[in-house]
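Got a sequence here, can you model it:
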Amino acid sequence: MTQFARRGRLSPDVAAGRRRVLAAVREHAPPTRSGPPLVLVACSGGPDSLALAAVAAHFARRGTLRVGGVVVDHRLQEGSAAVAERTARTLEDLGLAPVVVTAVTVHPGGGGPEMAARTARYAGIAEVVARTGADAVLLGHTLDDQAESVLLGLARGSGTRSLAGMPPARELDGVTYLRPFLDLSREQARQICAAEQLEPWHDPTNRDTSLMRARVRHRVLPLLEEELGPGLARALARSAAILGPDADYLDGAARELLERARAAAPEPPGALALDLATLRAAHPALRRRALSAAVVAAGGETPAHERLGALDAFAEEHGAAGPVQMAGKVSVWRRRPPAGTRGPGHLELVRPRTAAGAGAAGPHPIDASHEERREG
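Numbering: from 1, shown residues only. Coordinates of the predicted model:
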């Protein structure tokens, strides 16, 4: 018997899922004067997102939340449209409304097929949010997904932010994404589907070990658990939960440092300038984060560890010099202080703007709102 109109004991996994969904929405998408918030469950039809939809549907039936669904058809597999329509019907049977199926085009990119699909998926979800006016989107990532993200971050030699894994709440392009199941296991999600008598779809790409995440899921983590003992996935997820607030704090302090360094520097046209005295007075952990954010704000890409180290060393040296080249075609120059002033001077970050059919045509305007985007 499903958990709706049930008789007898509520499944403990369903109860745990309900608590987490309600807590996440109450914190990040509280009710307004117009009524309960509208949240969309991003659902592929797989066990994790289908379990999330079933749990959220409980609150739709009670009138606590308005719950809809968004199903993204990546059009990468034969029959994907039929899978998307079947998933949409399942969500409607659960009582979700509105349920929107959106087809996206996945454009190959330098980040590999998983990143390309992710980029297309989030663009499709954002379009549906704009159309429906939803207050938040619920994502079905579980503790096991979090463990995989942390392990991938370790393999890349990434810093605190990457090792913090996927945040439980995140805003991207004006859309609030919530992950209520980050401390529930994949097995618990399957148990929720069983309790709700739902038959999930199993994506064949999840077993395609030519893809990095699938290889970590089916080969690396099981081997590590065999060698290091059970509970590794939960330990990795716990590490992410510990590092997440640390990374938030450091990122916030680095943003403040970046603002101070910009405010204390000249304002050369078409360039982002940073006061060197302000940067040098800061702790290296904050200075490097501020420099990384400055490169992105100048229109470049997040620097790799080696390039960021080179830029940090460049900032510590004296005299006019440069350029140091950063990913994304950002050039960094070290400038002396203006005549009549004292101090070490400032850095200038410039990205050339290329006119159609022409070469470089001057500096690229600075977009200080541009942020690094990582998704597990």
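
how far away is residue 254 from residue 31?
34 Å (Cβ to Cβ, to the nearest Å). Every C-beta, even on glycine, is put in place using the N, C-alpha and C of the backbone.

quick one: which of these two has more around it?
Neighbour totals were compared for residue 254 and residue 31, and residue 254 leads with 22 against 13 (other Cβ atoms under 10 Å).

Skipping adjacent residues, who's closest to the more buried one in space?
With sequence-adjacent residues excluded and distances taken as Cβ to Cβ, 6 or more residues apart in numbering, residue 254 is closest to residue 289, at 3.4 Å.

Which helix or strand lies directly C-terminal to whichever strand or helix holds that neighbour?
Assessed by DSSP states H and E, residue 289 sits inside helix 284-297. Heading C-terminal from helix 284-297, the first helix or strand you meet, by DSSP H and E, is helix 305-316.

Just the buried residues of that following helix, please?
Buried positions in helix 305-316, judged by neighbour count with 16 or more other Cβ atoms under 10 Å: 307-308, 310-312, 314-315.

Same list (the residues you listed) but as JSON lines, adding distance to residue 190.
Output for the buried residues of helix 305-316, formatted as JSON lines (distance: Cβ to Cβ, whole Å):
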{"residue": "307", "distance to residue 190": "43"}
{"residue": "308", "distance to residue 190": "41"}
{"residue": "310", "distance to residue 190": "47"}
{"residue": "311", "distance to residue 190": "47"}
{"residue": "312", "distance to residue 190": "47"}
{"residue": "314", "distance to residue 190": "52"}
{"residue": "315", "distance to residue 190": "51"}
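
how about the residues you listed in JSON lines, adding pLDDT and distance to residue 247?
Formatted as JSON lines, the buried residues of helix 305-316 follow (pLDDT from 0 to 100; distance: Cβ to Cβ, whole Å):
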{"residue": "307", "pLDDT": "93", "distance to residue 247": "20"}
{"residue": "308", "pLDDT": "95", "distance to residue 247": "16"}
{"residue": "310", "pLDDT": "95", "distance to residue 247": "23"}
{"residue": "311", "pLDDT": "96", "distance to residue 247": "20"}
{"residue": "312", "pLDDT": "96", "distance to residue 247": "19"}
{"residue": "314", "pLDDT": "96", "distance to residue 247": "25"}
{"residue": "315", "pLDDT": "96", "distance to residue 247": "22"}
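
Specify which member of these is nearest to residue 224.
Among these, residue 308 lies closest to residue 224 (Cβ to Cβ), at 29.2 Å.

Against residue 295, how distant is the closest one?
8 Å.

Residue 194 now?
48 Å.

Tell me which of those two has more neighbours.
residue 295 (24 against 16).

Chain neighbours aside, what residue packs nearest to that one?
Using Cβ to Cβ, 6+ apart, the nearest residue to residue 295 is residue 326, at 4.9 Å.

Okay, helices next: where are they in the stretch 201-350 of the chain?
212-215, 221-228, 232-263, 276-280, 284-297, 305-316 (DSSP state H, counting those that start in this stretch).

Pick the most deeply packed of those.
Mean neighbour count (mean count of other Cβ atoms under 10 Å) peaks for helix 284-297 among those, with a mean of 21.

Report the angle between that helix and helix 305-316.
100 degrees (axes from the mean of the first three to the mean of the last three Cα atoms, to 10 degrees).

can you give me how far helix 284-297 is from the chain middle?
19 Å (Cα atoms, centre = their mean, to the nearest Å).

Who are the packing partners of it?
With contacts taken as 3 or more Cβ pairs under 8 Å, 6 or more residues apart in numbering; DSSP states H and E, helix 284-297 sits against helix 232-263, strand 272-275, helix 276-280, helix 305-316, strand 346-350.

again, 7 Å this time
helix 232-263, strand 272-275, helix 305-316 (3 or more Cβ pairs under 7 Å, 6 or more residues apart in numbering; DSSP states H and E).

Now do the same for the first one: mean pLDDT, whole number.
Predicted confidence along helix 232-263 averages 94 (mean pLDDT).

Can you name every helix or strand that that helix contacts?
Packing partners of helix 232-263 (3+ Cβ pairs under 7 Å, 6+ apart): helix 143-156, helix 160-163, helix 221-228, strand 272-275, helix 276-280, helix 284-297.

Worst mean pLDDT among these?
When I compare those, helix 160-163 is least confident, with a mean of 85.

what's that one packed up against?
Helix 160-163 packs on helix 143-156, helix 232-263, going by 3+ Cβ pairs under 7 Å, 6+ apart.

neighbouring contacts of the first one?
This means helix 143-156. 162-163, 165-166, 182-186, 212-213, 216-217, 220-221, 233-234, 236-237, 239-240, 376 (Cβ atoms under 7 Å, 6 or more residues apart in numbering).

do stretch 176-190 as well
In contact with stretch 176-190 (Cβ under 7 Å, 6+ apart) are residues 13, 16-17, 20-21, 24-25, 28-29, 47-48, 51-52, 135-144, 146, 166, 168-170, 237.

Please indicate which of those residues are buried?
Here, 16+ other Cβ under 10 Å leaves 13, 16-17, 20-21, 24-25, 28-29, 47-48, 51-52, 135-144, 146, 166, 168, 170, 237 buried among the contacts of stretch 176-190.

In strands only, show me those residues.
136-138, 170 (DSSP state E).

Farthest-apart pair in those, please.
Top of the distance list for those (Cβ to Cβ): 138 and 170, 12.1 Å.

Please report the number of neighbouring residues for the residue nearest to residue 295.
Neighbour tally, residue 326, other Cβ under 10 Å: 26.

quick one, what contacts it?
295, 300, 303, 307, 311, 332 are the contacts of residue 326 under Cβ under 7 Å, 6+ apart.

From residue 344, how far out is the closest residue to the fourth one other than its chain neighbours?
The spatially closest residue to residue 307, leaving aside those adjacent along the chain, is residue 326, at 5.9 Å (Cβ to Cβ, 6+ apart). When Cβ to Cβ is applied, the distance between residue 326 and residue 344 equals 20 Å.
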